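A.B. asks: model the structure of this input:
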Amino acid sequence: MTSTAQAHKSGAGTAHPDHLGHVIFIAAAAAMGGFLFGYDSSVINGAVEAIRDRYDVGSAALAQVIAIALIGCAIGAATAGRIADRIGRIRCMQIAAVLFTVSAVGSALPFALWDLAFWRVVGGFAIGMASVIGPAYIAEVAPPAYRGRLGSFQQAAIVIGIAVSQLVNWGLLNAADGDQRGTLMGLEAWQVMLGVMVVPAVLYGLLSFAIPESPRFLISVGKHERAREILTEVEGKDVNLDARVAEIEGAMKSEHKSSFKDLLGGSFFFKPIVWVGIGLSVFQQFVGINVAFYYSSTLWQSVGVDPTASFFYSFTTSIINIVGTVIAMIFVDRIGRRPLAIIGSVGMVAGLALEAWAFSHPLVDGRLPAAQGWIALIAAHVFVLFFALSWGVVVWVMLGEMFPNRIRAAALGVAAAAQWIANWAITASFPSLAEWNLSMTYVIYTAFAALSIPFVLKFVKETKGKALEEMG
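C.D. replies: Okay, here's the model as predicted:
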């Protein structure tokens, strides 16, 4: 019997849980790792200029300290799949929560620049783990009819984390009279900004004790009864449990514990589907989205906006990010992943091109002319909106569901690692590129947004409404 036929026999494709609120809670708790990812990604935005001043470093060295966390992210993402297959998804989340907490404390109390960089790597490893485990876990527990919307919780949590961190940074900056190095609670303001992440890190750890293990992992270790209980919880009483367990077992027999070696094949080292996952990850980052969250305060200050206002603009960008993510959550299961990605790419090209045009004008008294300044600000929000309603959500959803069962964990790890490496490349290069030519930097991002359109049209297949066992 084919996996598609099994899915129809078990009722998985049309499963509706009896307690949807419970399933939503499970997905939201798992996505808390995404909140920490967003919070950590953006919180450094409030500390960039203070770190530059305190340690007296240039743009290149500063960029490495900001970006070095992403190396930890890549390592965490690459290893998380194997760790999760060995000890379970929940244990993986708990390890990530502990590392997050330790990193937050260390980052808030550094005694040297290299020390700060080390704790950012530790936090990055935790983010990398959470970035893989969250989407994979949600994809494994979510009923297919809801999987796109529940999978988008990861990105929703990321954008809320970004917004909350910027709101907290803005509040702390005001409390320190607009000085990132002003004294708060016996520390400099930027240290408090980094230390506050202890709160969501501890909450993530506590929530991981309140959600069940993935049924697929439980079946893989022989705990069939517990797996059946959880399947009833998340897919409803109408699902044929015997057929559902047999369907998962059948799919897992061909899995044989995915490893890096299983990804090899084809004419270009990896299997074609793995390259598609890597491509989605790289394009998501090469449009320059994280410049908006790592450096937005510095960017606005560089064109004449005062520090407190620059923090406010960063926060409004985050609100637009949340609005776009909500739009994507509404439509990802209705119109599909591919159409959303193409719509988003077109919108991003427009926003980025306008930013490139605005930044091409010479500064007058250290700031952009009024018209170009407003166009740059509006275009930045347009870019973030179209990213959020498309690639921000679609990539995380697709990486959780697009790979065949037998290679899912390993392939997701490689694709997520590629995403972190691409993120690092953009983050580490931006300060130097901006000093060279800010307008041309945005032209480069525009080109990648444009190239993402033919990539989706030619290589990306729709996954809307399919059971995971039908992939590949």
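
A.B. asks: work out for me the element residue 333 sits within.
C.D. replies: Per DSSP states H and E: residue 333 is located in neither a helix nor a strand.

A.B. asks: surely it touches residue 464?
C.D. replies: Yes - at 6.3 Å, residue 333 counts as touching residue 464 under the criterion of Cβ atoms under 8 Å. The C-beta positions use only the backbone N, C-alpha and C, and glycine is treated the same way.

A.B. asks: now the common contact residues for these two.
C.D. replies: Residues touching both residue 333 and residue 464 by Cβ atoms under 8 Å, 6 or more residues apart in numbering: residue 148.

A.B. asks: other SSEs contacting the lengthiest helix in the chain?
C.D. replies: Looking across the chain with DSSP state H, the single longest helix is helix 408-459. Contact partners of helix 408-459 among helices and strands, from 3 or more Cβ pairs under 8 Å, 6 or more residues apart in numbering; DSSP states H and E: helix 59-87, helix 113-141, helix 272-286, helix 291-294, helix 296-302, helix 337-359, helix 391-401.

A.B. asks: right, so those helices: which one is the most enclosed?
C.D. replies: Mean neighbours per residue, mean count of other Cβ atoms under 10 Å, is largest over the helices and strands packed on helix 408-459 for helix 391-401, with a mean of 27.

A.B. asks: closest one to residue 213 among the helices and strands packed on helix 408-459?
C.D. replies: Closest to residue 213 of those is helix 113-141 (Cβ to Cβ; 9.0 Å).

A.B. asks: now the angle from the closest one to helix 59-87?
C.D. replies: 40 degrees (axes from the mean of the first three to the mean of the last three Cα atoms, to 10 degrees).

A.B. asks: next, the residues that contact the helix or strand just after helix 113-141 from outside, please.
C.D. replies: On the C-terminal side of helix 113-141, the nearest following helix or strand under DSSP H and E is helix 147-151. The contact list for helix 147-151 (Cβ under 8 Å, 6+ apart) reads 23-24, 27, 135, 138-139, 142, 329, 332-333, 337, 396-397, 400-401, 464.

A.B. asks: related to what we said a few turns ago, if I average pLDDT within each of the helices and strands packed on helix 408-459, which one is lowest?
C.D. replies: Among these, helix 296-302 carries the lowest mean pLDDT, at a mean of 69.

A.B. asks: what's downstream of it, the next helix or strand?
C.D. replies: The helix or strand immediately downstream of helix 296-302 is helix 307-331, counting by DSSP H and E.

A.B. asks: mind listing what's buried along that next one?
C.D. replies: Across helix 307-331, burial judged by 16 or more other Cβ atoms under 10 Å covers 307, 310-315, 317-318, 320-321, 323-329, 331.

A.B. asks: which phi and psi does the residue in the chain sticking out farthest from the centre have?
C.D. replies: Using Cα atoms, centre = their mean, the residue of the chain lying farthest from its centre is residue 365. It sits 38.1 Å away. Note on residue 365: its backbone torsions stand at phi 50, psi 40 [degrees, to the nearest 10].

A.B. asks: one more: the one 3 residues further on?
C.D. replies: The main-chain torsion angles of residue 368 are listed as degrees, to the nearest 10 and equal phi -70, psi 150.

A.B. asks: give me the neighbour count for it.
C.D. replies: 22 (other Cβ atoms under 10 Å).

A.B. asks: so it sits against residue 376, correct?
C.D. replies: Yes - counting by Cβ under 8 Å, residue 368 does reach residue 376; the two are 6.4 Å apart.

A.B. asks: residue contacts, residue 384?
C.D. replies: Counting by Cβ under 8 Å, 6+ apart, residue 384 touches 289, 292, 317, 320, 321, 324, 351.

A.B. asks: can you put those residues in CSV and add distance to residue 299?
C.D. replies: Converted to CSV, the contacts of residue 384 look like this (distance: Cβ to Cβ, whole Å):
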residue, distance to residue 299
289, 13
292, 8
317, 11
320, 16
321, 16
324, 20
351, 14
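
A.B. asks: nearest to residue 416, of the helices and strands packed on helix 408-459?
C.D. replies: Among these, the nearest to residue 416 by Cβ to Cβ is helix 59-87 (3.7 Å).

A.B. asks: what angle separates the helix or strand following the closest one from helix 113-141?
C.D. replies: Downstream of helix 59-87, the first helix or strand assigned by DSSP H and E is helix 89-108. Helix 89-108 runs at 160 degrees relative to helix 113-141, counting by the same axes, to 10 degrees.

A.B. asks: then helix 89-108 to PDB, C-alphas only?
C.D. replies: Presented in PDB, the C-alpha positions along helix 89-108 are these (Å, rounded to 0.1, in the frame of the first residue of the first chain):
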ATOM      1  CA  ARG A  89      12.600  16.300  20.600                       C
ATOM      2  CA  ILE A  90      11.700  17.400  24.100                       C
ATOM      3  CA  ARG A  91      15.100  16.700  25.700                       C
ATOM      4  CA  CYS A  92      16.600  18.700  22.800                       C
ATOM      5  CA  MET A  93      14.400  21.700  23.700                       C
ATOM      6  CA  GLN A  94      15.400  21.500  27.300                       C
ATOM      7  CA  ILE A  95      19.100  21.500  26.500                       C
ATOM      8  CA  ALA A  96      18.600  24.500  24.300                       C
ATOM      9  CA  ALA A  97      16.800  26.300  27.100                       C
ATOM     10  CA  VAL A  98      19.700  25.700  29.500                       C
ATOM     11  CA  LEU A  99      22.200  27.000  27.000                       C
ATOM     12  CA  PHE A 100      20.000  30.100  26.300                       C
ATOM     13  CA  THR A 101      19.900  30.900  30.000                       C
ATOM     14  CA  VAL A 102      23.700  30.500  30.500                       C
ATOM     15  CA  SER A 103      24.400  32.600  27.400                       C
ATOM     16  CA  ALA A 104      22.100  35.400  28.600                       C
ATOM     17  CA  VAL A 105      23.900  35.700  31.900                       C
ATOM     18  CA  GLY A 106      27.400  35.500  30.300                       C
ATOM     19  CA  SER A 107      26.500  38.100  27.600                       C
ATOM     20  CA  ALA A 108      25.300  40.500  30.300                       C
END
